[in-house]
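Undergrad: this one's structure only:
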């Protein structure tokens, strides 16, 4: 089978493309290669995927927020399913550059829905985020919970993606699955995320910023577990049978959390990082930053029940794997 993978040079997109190729599928990957973080890392990920796929991997540079450019590069290309992982990520950056989030995450998502509709694809899996839960007091977060109070524009755009997808599933009976990712980390990760930033600073003797004075909890999910969940979702399109799906829709649209189902205190994770790095962290305790949330915790009952998803990697295992990879990649 041939898949269209958006954001294929990104952390999760490259990992998914690699996994699809490893099982014998073909991938058409697109990415704008923007400079939100170093393009060299994105190019290195692409080189790794290309080495795996050979002729079964095709990459085209395009900004999927530009519908005319997107239609042009997809003209003549065949694919049966879509994995839409491309987006403008980051909670903090959405405060600095809000328009980038509307262009990529709202207009761009609409463009992919239109591609899926006109191509009559078998299934489109798309990236949502645990950020949609905002500062909810009820934990763990379940896909049935109301998510009406986002604390950042990034979160609001991801909620908008879910709403647009529900509309397209209703109007066009388009099979869609949205995945709410919880704090993804691992080799080939993103430099703007906590595990990467803290590892770099600990290894280079710089202080780390610990927000909310350390009273922060996260559900850290290792990249291999995320990929396993994405492939399981991709292989099981929601049926158009009128039965309620995960998340409550009666259209062919399902929503799932993908997390580790473990709520880790940030200071405990820093202790694991210190051990893996072989150095103590110099911690600068600060108030909570705007747009952030104190706690995330995934209820994974729905994806476990429907798709057999079962995360296997604890932070005690995943963090040392990342640090080992980072030392080699950064030559530290």
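TA: Yes, it's here. Here the structure is a predicted model, which is why all the values come from computation and not from measurement. Numbers count the residues shown, from 1 in each chain.
Undergrad: tell me the contacts of residue 267?
TA: 210, 214 (C-beta atoms under 8 Å, 6 or more residues apart in numbering). Using the backbone N, CA and C atoms, a C-beta is placed for each residue, glycine as well.
Undergrad: Now tell me what touches the lengthiest helix in the chain from outside.
TA: As assigned by DSSP state H, the longest helix anywhere in the chain is helix 153-172. When contacts are defined by C-beta under 8 Å, 6+ apart, helix 153-172 is touched by residues 88-91, 93-95, 98, 101-102, 105-106, 109-110, 113, 116-117, 126-129, 131-132, 134, 147, 150, 174-176, 178, 180, 249, 251-253, 255, 291.
Undergrad: From those residues, which land in strands?
TA: Using DSSP state E, the subset of those located in strands is 126-129, 176, 178, 180, 253, 255.
Undergrad: which one of those has the most neighbours?
TA: With neighbours taken as other C-beta atoms under 10 Å, the top of the ones in strands among the contacts of helix 153-172 is residue 176, carrying 29 neighbours.
Undergrad: Isn't that one up against residue 256?
TA: No - at 11.7 Å, residue 176 does not count as touching residue 256 under the criterion of C-beta atoms under 8 Å.
Undergrad: returning to that earlier point: closest to residue 210 among the ones in strands among the contacts of helix 153-172?
TA: For those, the closest approach to residue 210 (C-beta to C-beta) belongs to residue 129, at 22.3 Å.
Undergrad: Quick check: pLDDT value at the closest one.
TA: As predicted, residue 129 sits at a pLDDT of 95.
Undergrad: ok, it - contacts?
TA: Per C-beta under 8 Å, 6+ apart, neighbours of residue 129: 154-155, 158, 180-181.
Undergrad: hey, what's it bridged with?
TA: On the basis of DSSP bridges, residue 129 is bridged to residue 181.
Undergrad: ok, now residue 61?
TA: Going by DSSP bridges, residue 61 is paired in beta bridges with residue 31.
Undergrad: Now for it, how many residues are close by?
TA: Residue 61 sits with 13 neighbouring residues when counted by other C-beta under 10 Å.
Undergrad: quick one: which helix or strand includes residue 14?
TA: Assigned by DSSP states H and E, residue 14 belongs to helix 11-22.
Undergrad: Just the residues contacting that helix, thanks.
TA: Helix 11-22 is touched from outside by 3, 5-8, 26-27, 29, 31, 45-46, 48-49, 52-53, 56-57, 83, 85-86, 127, 181, 184, 186, 188-190, 223-224, 226-227, 230-231, with contacts defined as C-beta under 8 Å, 6+ apart.
Undergrad: List the buried residues of it.
TA: By 16 or more other C-beta atoms under 10 Å, the buried positions in helix 11-22 come out as 11-21.
Undergrad: Please compute how far it lies from its chain's middle.
TA: Computed by C-alpha atoms, centre = their mean, to the nearest Å, the chain-centroid distance of helix 11-22 equals 12 Å.
Undergrad: now the angle between strand 176-181 and that helix, please.
TA: Per axes from the mean of the first three to the mean of the last three C-alpha atoms, to 10 degrees, the angle that helix 11-22 makes with strand 176-181 is 120 degrees.
Undergrad: Many thanks, have a good one.
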